[in-house]
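Novice: Requesting a structural model of the entry that follows:
(chains A and B)
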Amino acid sequence: MSAETVNASDSIQYVTVFIGGQLFGLPIERVHDVFMPESMTRVPLSQREIAGVLNLRGRIVTAVDMRRRLHLPPRTDGNPQMAVGIEYRGESYGLLIDSVGEVLNLATSGRESNPINLDRRWASISGGVHRLNSQLMVILDVDRVLGAMAESLAA
Amino acid sequence: MDDLLREFLTETNESLDVVDVELVKFEQEPNNTKVLDNIFRLVHTIKGTCGFLGLPRLEALAHAAETLMGKFRDGVPVTTEAVSLVLSTIDRIKAIVGDLEATEQEPAGADRDLIGELERMALSAKQPAKDAAPKDPPKLIDADAGPKHTAGEMLYQVLERPLRPGEVSLDELERAFRETMAEPSAPAAEIAPPKTEAPKVEAPKAVAEKRDAKDAKEHKEPDGEIKGGVASQSIRVAVDTLENLMTMVSELVLTRNQLLEIVRRHEDSEFKVPLQRLSNVTAELQEGVMKTRMQPIGNAWQKLPRIVRDLSNELSKQIELEMIGAETELDRQVLELIKDPLTHMVRNSADHGLETPETRRLAGKPEKGTIRLSAYHEGGHIIIEIADDGRGLNLERIRQKVIENGLSTEAELDKMTETQIAKFIFAPGFSTAAKVTNVSGRGVGMDVVKTNIDAIGGTIDLKTASGKGTTVTIKIPLTLAIVSALIVECAGDRFAIPQLSVVELVRAQSNSEHKIERIKDTPVLRLRNKLLPLVPLAKLLEIENADPNAKVATEDDGFIVVTQVGNQTFGIVVDGVFHTEEIVVKPMCSMLRNITMFSGNTILGDGSVIMIIDPNGVAQALGTAVAEAVTTQDADDEGRAREAAAQTVSLLLFRAGTMEPKAVPLSLVTRLEEFSVDKIERSNGRDLVQYRGSLMPLVYFDAISQRRETGAQPMLVFSDAGRSMGLVVDEIIDIVEDRLEIEVASERMGILGSAVIKGKATEVIDIGHYLPMAFEDWFHRKEMKVENLTKTLLFIDDAAFFRNMLTPVLKAAGFNVTTCENASDAIGLLEGGRRFDIVVSDIEMPEMNGFEFAEHIRRNPRTRNVPLIALSSLSTPASIERGRQAGFDDYVAKFDRPGLIAALKELTTYQMGIAA
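Specialist: Okay, the predicted model is just below:
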């Protein structure tokens, strides 16, 4: 555990993930599981961010390609893909990410709002930034990641 | 809510429904004591319970109604007015019960009006001789010549009669009631408040409850007589519990399937035998749970007799409602969904179908019209027929209406059969009712019925004969949870097609008798002297195989799933067919629910997820949902007149690669040319022609497009700044004036989306995709301009070509686009007070370039907050950085259409988020 770890009650635990080299954090209570997506079925005619659907222990999970969602180029390193399982409005989603890092316990006081010059596409799904010793962690706002996709359908 | 109250509400609602039906039946057969007993008993139970629970309003109403019915029992002749009065009392009770359900309190209010009427009628009711056997109304009615006022003692006499065999418990029950409750026939005594007798009420209550439980079971046979003696064999279970159980069993079935799949791969597995047993048990469990969800269709019909009775009074028609097969069972979920459509169709039959008595007499038919409802099982489906012996559909009026509404042309109608024309009544907003009555003809009608039936995977069919009547046949699956589906393969993926709509499978091979033929690129199949329109699934789902050779092979050499939706038959061409499997339909994730081609998804035995094809969605995609007779080969000629819109555009229609017509704004096309194929030369790996003294590269529409061997090759020539490119097409169809409104945006490369052009779904092509195929640097020399639609968008580009090209893209993304040729005009607009939600600017422009423009905008306080997107061919990190510094919010490469749309979407939604 690193120096920024605190045990106060005003702290949040984050599951950290890497997407395109950037460190992101998801509030731990939103993360149901972390899994390796297998035998994904593509969904013709779907939004481009949707990588497909897959069977996770009997549930049908919709996989969202976070790289596409964040307008990052597709992966080329060939390492196995990982996914973070979350629930949104009663449905199961899997966010496809590059890799999973450790779980960090961060004080809410260390959270800063998005820098104003942050890419708006990113700013719109980020809940703020934590300064860690070695790097910055962007807080991924799961509701906004999926909410904007659902809205774009309704539009 | 109090358990006791909830129980009361459930039971009362059920009882009231039965009373409705029974009363109508009673009106028709006033001599049927069984029916009357049943009604009497139900109303009495309601009354008793109300007193017990302290619901004085309900109690008073039930009591007054009961008193009147007591008179019927005593042999007073049954009149329509009396029954109507009792029915309206039942309606009032229903309303109060409804309020009670919502608020848990009996609503305030008085029912003196109804009670007074009931009392008056009970009082004035003429009674037959006092000594007539009370349980023998036929005699009573015959004997009603000598009406006399009867005293309240009458009822006690009833009790004194000897108990009939088989009715023992009912009589006991009634006596129990009698003993506790005042049963006077005189209104004065009627006010006797049961509450004062509460201690006595308790005792019979126990008996009543026992009987009630019995009633619940007997609702299935409304005139079933109480057999008595047997203790309650049924319990009430909450629907949620059953639903939950069903879900769990569905999961179990899936897991079982998965296990079976695994064992299939291991020949000598020791698991085989126990698994077989598990499999059997699962199947039985599934069946058992399904059974708990099954309900007789009669439950959905329960309200119909009452509706028909009211209608026949209202419309002054004599209507007989016959119901056959009310005991046919189906899943309660399906039952709920078909209730309303059925009611609607019965109303329609009564209102439009059946004639007035005089008309019927003149036509030599019995005055009483008949509506016959019947239900029966057939395979895994239930068939419901609604037939009337009325005048039949007025095909002439339907024809007129079809032409008026522009649904089809006269010439097409001439080719259609009567049934096909009749089916236009299922088209949205279609109503031939000359006048709008409060019964039907409100313009929402049969289309809603069809939509509802479609939604549960059912089909609807219709037969009509002038002067003889109309029959509507509905075929629906018994259950929605588990369906049998055909698993097919297409472009490497598997899909499920519900077996319900599959008629047959045909193997098509180029050398067999079943071969796919083409009419103007439209694939069709000759099947038993009929021409079957075909649609390749890959094309439908836009998952065409990357390998062009494989594609050609499968187009002519595949399996055709002959599918029927309503009267419409078409063939879905797939690469392979596996087997049928019982699948548990799971709803699509809400983010995928917009895809009309799929009705859900499921997990197969091998654990993989597959999409379930929705045949209705496919039929709609074929564009023939209503005019099914119009096979695709003459669909080309179909030209529906659309109202001239303010903004029509000249569009060039052509065909290339696939059978769908494609369109491109004519203003983008420089010339239409045709070159003899031997003029096409190959050089440096690409096709070229000599055109106006220079070499023009040719671009093929897609990899599938076949190069012609002989003859002439039509092409569209695009020129800009001295460069030309030829886009090779199969055929130039037409130049039309129409609105260009892209209704369905496309994610496919080269297609902007689909628009309705001349009444046909047409793909609008994205020239921007093809230009770089001719000259990779095409965009690098030019810039673009933008417009917008619902959100206002300012697009600055110095080249007219790109302004024209991107306008449809931006419109498709929902913007109201204003264009400017240069940055200074744009600044003029912005500083002149025009407000834009977003500005998209080219970078490389003469005079003021995009960077300078952005800096200018950001300096001015009035405009500094407008989101700015740079659109440029210079997408190097350095230029992107330069763009950021200049103040652009986003920087998109010129040919990155999805990127542009995504950037627009995000910037505009972000802005709105701030505003909110």
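
Novice: Could you point out the helix or strand that follows the lowest-mean-pLDDT helix or strand in chain B?
Specialist: Lowest on mean pLDDT, DSSP states H and E among the helices and strands of chain B sits helix B:632-635, with a mean of 32. Sequence-wise, the next helix or strand downstream of helix B:632-635 (DSSP states H and E) is strand B:648-655.

Novice: what's that following strand in contact with?
Specialist: Contact partners of strand B:648-655, identified using C-beta atoms under 8 Å, 6 or more residues apart in numbering or on different chains, comprise B:520-521, B:661-667, B:669, B:672, B:714, B:716, B:729-740, B:757-758, B:762. Any C-beta I mention is one placed from the backbone N, CA and C, and that applies to glycine too.

Novice: One more: stretch B:253-266?
Specialist: With contacts defined as C-beta under 8 Å, 6+ apart, stretch B:253-266 is touched by A:58, B:269, B:271-272, B:275, B:278-279, B:282, B:286, B:482, B:581-582, B:584, B:603-607.

Novice: so how many other residues sit close to residue 101?
Specialist: You didn't say which chain, so I picked chain A. By other C-beta atoms under 10 Å in any protein chain shown, 15 other residues sit near A:G101.

Novice: Actually, chain B is the one I wanted.
Specialist: 15.

Novice: now B:V346: how far from chain A?
Specialist: 37 Å (C-beta to the nearest C-beta, to the nearest Å).

Novice: Touching, B:T596 and B:A619? I think so.
Specialist: No. Using C-beta atoms under 8 Å, B:T596 makes no contact with B:A619, being 10.2 Å away.

Novice: Check which helix or strand the closest residue to B:L245 other than its chain neighbours maps to.
Specialist: Of all residues not flanking B:L245 in the chain, B:V289 sits nearest, at 5.5 Å (C-beta to C-beta, 6 or more residues apart in numbering or on different chains). Using DSSP H and E, B:V289 sits within helix B:272-293.

Novice: for B:R864, phi and psi?
Specialist: phi -70, psi -20 (degrees, to the nearest 10).

Novice: which secondary structure elements does the lengthiest helix in chain A contact?
Specialist: As assigned by DSSP state H, the longest helix anywhere in chain A is helix A:142-154. Other helices and strands packing on helix A:142-154, by 3 or more C-beta pairs under 8 Å, 6 or more residues apart in numbering or on different chains; DSSP states H and E, are strand A:59-65, helix A:66-69, strand A:82-88, strand A:91-97, helix B:897-915.

Novice: Identify the residues contacting the second one?
Specialist: Translated: helix A:66-69. A:19-20, A:48-49, A:51, A:73-75, A:95-98, A:125, A:145, A:149.

Novice: redo that, cut-off 10 Å
Specialist: Identification of contacts with helix A:66-69 by C-beta atoms under 10 Å, 6 or more residues apart in numbering or on different chains yields A:17, A:19-20, A:24, A:47-51, A:72-75, A:81, A:83-84, A:94-98, A:121, A:125, A:140, A:145-146, A:148-149, B:898, B:902.

Novice: ok, back up a step: got a markdown table for the helices and strands packed on helix A:142-154, with mean pLDDT too?
Specialist: A markdown table is the format used below for these (pLDDT from 0 to 100):
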| stretch | mean pLDDT |
| --- | --- |
| strand A:59-65 | 91 |
| helix A:66-69 | 91 |
| strand A:82-88 | 92 |
| strand A:91-97 | 92 |
| helix B:897-915 | 66 |
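
Novice: Quick one: the ones you listed as a markdown table, columns for distance to B:L252 and mean neighbour count too.
Specialist: Below are the helices and strands packed on helix A:142-154 laid out as a markdown table (distance: least, C-beta to C-beta, whole Å; neighbours: other C-beta atoms under 10 Å in any protein chain shown):
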| stretch | distance to B:L252 | mean neighbour count |
| --- | --- | --- |
| strand A:59-65 | 15 | 22 |
| helix A:66-69 | 34 | 21 |
| strand A:82-88 | 23 | 21 |
| strand A:91-97 | 20 | 22 |
| helix B:897-915 | 43 | 18 |
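
Novice: Of all the ones you listed, which one is nearest B:G364?
Specialist: Shortest distance between B:G364 and the helices and strands packed on helix A:142-154, using C-beta to C-beta, is found for strand A:59-65: 60.8 Å.

Novice: Which neighbouring elements make contact with that closest one?
Specialist: In terms of contacts (3 or more C-beta pairs under 10 Å, 6 or more residues apart in numbering or on different chains; DSSP states H and E), strand A:59-65 is packed against strand A:50-56, strand A:82-88, strand A:91-97, helix A:142-154, strand B:598-603, strand B:609-613.

Novice: Could you tell me which strands the last one is paired with, and in which direction each runs?
Specialist: The one in question is strand B:609-613. Within its sheet, strand B:609-613 is paired with strand B:493-498 (parallel), strand B:598-603 (antiparallel), according to DSSP bridges.

Novice: Likewise for the second one?
Specialist: Strand A:82-88 has its sheet partners listed here by DSSP bridges as strand A:31-35 (antiparallel), strand A:91-97 (antiparallel).

Novice: tell me how far that strand is from the chain's mean position?
Specialist: 8 Å (C-alpha atoms, centre = their mean, to the nearest Å).

Novice: related to what we said a few turns ago, from the middle of its chain, how far away would the longest helix of chain A be?
Specialist: On the basis of C-alpha atoms, centre = their mean, helix A:142-154 is displaced by 14 Å from the centre of the chain it belongs to.

Novice: follow-up on the earlier one: let me see the residues that make contact with the helix holding B:V289.
Specialist: For helix B:272-293, the external contacting residues (C-beta under 10 Å, 6+ apart) are B:237, B:239, B:241-243, B:245-250, B:252-253, B:255-257, B:259-260, B:262-264, B:266, B:269, B:271, B:329-335, B:478-479, B:481-482, B:582, B:584.

Novice: what do you get if the cut-off is 7 Å, keeping everything else the same?
Specialist: Identification of contacts with helix B:272-293 by C-beta atoms under 7 Å, 6 or more residues apart in numbering or on different chains yields B:242, B:245-246, B:249, B:252-253, B:256, B:259-260, B:263, B:331-332, B:479.

Novice: mind listing which of the residues you listed are in strands?
Specialist: In strands, defined here by DSSP state E, the members of these are B:D331.

Novice: Could you tell me the angle between the worst-scoring helix or strand of chain A on mean pLDDT and strand A:31-35?
Specialist: Among the helices and strands of chain A, helix A:142-154 carries the lowest confidence by mean pLDDT, DSSP H and E, at a mean of 81. Orientation check (axes from the mean of the first three to the mean of the last three C-alpha atoms, to 10 degrees): helix A:142-154 against strand A:31-35 gives 80 degrees.

Novice: Can you pull up the residues of chain A that come close to chain B?
Specialist: Listed as neighbours of chain B in chain A under the rule C-beta under 7 Å from any C-beta of the partner chain: A:39, A:41-48, A:50, A:53-55, A:58, A:60, A:62, A:71, A:89, A:91, A:120-121, A:124, A:148-150, A:152-153, A:155.

Novice: Drop anything exposed from the residues you listed.
Specialist: A:41-47, A:50, A:53-55, A:60, A:62, A:71, A:91, A:120-121, A:124, A:148-150, A:152 (16 or more other C-beta atoms under 10 Å in any protein chain shown).

Novice: of the helices and strands packed on strand A:59-65, which approaches B:W301 most closely?
Specialist: For the helices and strands packed on strand A:59-65, proximity to B:W301 was assessed by C-beta to C-beta; strand B:598-603 is nearest, at 27.6 Å.

Novice: Would you mind pulling the contact partners of that closest one?
Specialist: A:53, A:55, A:58, A:60, B:254, B:496, B:583-588, B:609-614.

Novice: Equivalent analysis for stretch B:342-349, please.
Specialist: B:300, B:303-304, B:307-308, B:311, B:371, B:386, B:388, B:390, B:439-440, B:445, B:449, B:472.

Novice: tell me the contacts of whatever residue of chain A ends up closest to chain B?
Specialist: Chain A approaches chain B most closely through A:P44 (3.7 Å), counting by C-beta to the nearest C-beta. By C-beta under 7 Å, 6+ apart, A:P44 lies in contact with B:L541, B:E542, B:I543.
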